[in-house]
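# Predicted model follows, preceded by the sequence.
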Amino acid sequence: MNHGLFIVIEGIDGTGKSTQVKRLGDWFESQGREVVLSREPTAGPWGSKVRESAASGRLSAAEELQCFLNDRAEHVRELIRPALAAGKVVILDRYYFSTMAYQGARGFDPVEIRRRNEEFAPVPDRLLIMDLDVDTALERIGVRGDTANEFEKRDSLERCREIFLSLRDESFVRVVPSGGSLDEVAEQVCLAVSDLLD
Ligand code: TYD
């Protein structure tokens, strides 16, 4: 039986992660692999709580961080580890690198966030960082950046992008420039994981 493969796609909002997760899943299936696609925050109770909070702003930064950790612990236990143990290819749209980036941008120490996550969450075989400049990313999600709130969003995404890119020299990480067409980016994404199939 094939051993499982664990691939994570990260990047700031507007880099096209979710499309590329689907395309990469199709590609692995065309190679005869069984694929599980998933995302964080999940649709479980903790993930739903944190999504609602993003809309209403009800949780403090510390409560929000704890929700992401709880959501992930459940995801790892119930979906990620069992699928990998069954030899499947698991592809995630966001994982603990998003917590480093987004909660890091809210003032927590990214290194400490990583340490807390790696106590229970397996390190992926490959982390793909979809990279795009913040102005283009914001344009893609329809944010013009000219109100105070949007100004703040812009600054915070700049910080997120920096934190993602700080991981670029690690052996399991590949940065994929994401300004091209869907097809061009999809090709780069496949190239960035193809060595894992051997
Ligand atoms: P996202 O995947 O962008 O959801 P949607 O497609 O519904 O917009 O994720 C929602 C937000 O959650 C996104 O802005 C990033 C944020 N997030 C964190 O702040 N920390 C985390 O650990 C994760 C996984 C996501």
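Looks like it came in fine.

# in the top helix by length along the chain, what counts as buried?
If each helix of the chain is counted by residues according to DSSP state H, the longest one is helix 148-165. Using 16 or more other C-beta atoms under 10 Å as the test for burial, helix 148-165 gives 153-154, 156-157, 159-161, 163-164. Any C-beta I mention is one placed from the backbone N, CA and C, and that applies to glycine too.

# ok, is it in contact with the ligand or not?
No. If you take C-beta under 6 Å from any ligand atom as the test, helix 148-165 misses the ligand, and the best it gets is 8.3 Å.

# Identify the residues contacting that helix?
By C-beta atoms under 8 Å, 6 or more residues apart in numbering, the residues outside helix 148-165 that reach it are 10-13, 97, 100-102, 104-106, 110, 129, 131, 134-135, 137-138, 143-145, 175.

# Keep only those residues that also lie close to the ligand.
Okay, of those touching the ligand (C-beta under 6 Å from any ligand atom), that's 13, 102.

# what sits against the spatially closest residue to Arg39 that is not a sequence neighbour?
Excluding the flanking residues, the one nearest Arg39 by C-beta to C-beta, 6 or more residues apart in numbering is Asp93, at 3.8 Å. Residues in contact with Asp93 (C-beta under 8 Å, 6+ apart) are 9, 17-18, 21, 37-40.

# Show me these that map onto helices.
Using DSSP H, these in helices are 17-18, 21.

# Export only the CA atoms of stretch 152-170, formatted as CSV.
This file holds the C-alpha atoms of stretch 152-170, laid out as CSV (Å, rounded to 0.1, in the frame of the first residue of the first chain):
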residue,chain,number,x,y,z
GLU,A,152,-5.9,48.0,8.8
LYS,A,153,-6.7,44.8,6.8
ARG,A,154,-4.0,45.7,4.4
ASP,A,155,-1.3,46.2,7.1
SER,A,156,-2.3,43.0,8.8
LEU,A,157,-2.1,41.0,5.5
GLU,A,158,1.4,42.5,4.9
ARG,A,159,2.5,41.1,8.2
CYS,A,160,0.8,37.7,7.5
ARG,A,161,2.7,37.5,4.1
GLU,A,162,6.0,38.3,5.9
ILE,A,163,5.4,35.5,8.4
PHE,A,164,4.5,33.0,5.7
LEU,A,165,7.6,33.9,3.7
SER,A,166,9.8,33.6,6.8
LEU,A,167,9.3,29.8,6.4
ARG,A,168,10.6,29.8,2.9
ASP,A,169,14.1,28.3,3.5
GLU,A,170,12.8,25.2,5.4
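
# next one: that stretch to chain centre, how far?
12 Å (C-alpha atoms, centre = their mean, to the nearest Å).

# start the count at 855, not 1, going forward
All right, first residue 855 from here; so that's stretch 1006-1024.

# For the ligand, see how far away the residue nearest to Arg893 is.
6 Å (C-beta to the nearest ligand atom, to the nearest Å).

# In the beta-sheet assignment, what are the partners of that residue?
Assessed by DSSP bridges, Asp947 has beta-bridge partners Ile863, Arg893.
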